[in-house]
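Trainee: Provided below for reference: sequence and predicted model.
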Amino acid sequence: NLPPLAKRISALAEVSIGHGLTADALEYGMAGTVGRFLKACGW
């Protein structure tokens, strides 16, 4: 749900992703997860 949020709120500067990041890292690994989160934010 992060990509739609980032697209709708152009001034979005920060989101709380701790639990989501940790949970995804268990499945995709930390490097893969960080890459996915950065891509979702458009970076």
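Mentor: Sure thing, it's come through.
Trainee: any idea which residue sits dead centre in the protein?
Mentor: residue 37 (2.9 Å; CA atoms, centre = their mean).
Trainee: any idea whether that one is helix, strand or coil?
Mentor: helix (DSSP: H, G, I helix; E, B strand; the rest coil).
Trainee: got the contact list for it?
Mentor: Contacts for residue 37 (CB atoms under 8 Å, 6 or more residues apart in numbering) come out as 2, 17, 21, 24. Where you see a C-beta, it was placed from the backbone N, CA and C, and this is true even at glycine.
Trainee: helices - which of those land there?
Mentor: Members of those lying in helices (criterion: DSSP state H): 2, 21, 24.
Trainee: that older thread, highest neighbour count among the contacts of residue 37?
Mentor: residue 24 (17 neighbours; other CB atoms under 10 Å).
Trainee: please report the distance of the nearest residue to it once chain neighbours are set aside from residue 40.
Mentor: Spatial nearest neighbour of residue 24, excluding adjacent residues (CB to CB, 6 or more residues apart in numbering): residue 33 at 4.4 Å. For residue 33, the distance to residue 40 equals 11 Å [CB to CB, to the nearest Å].
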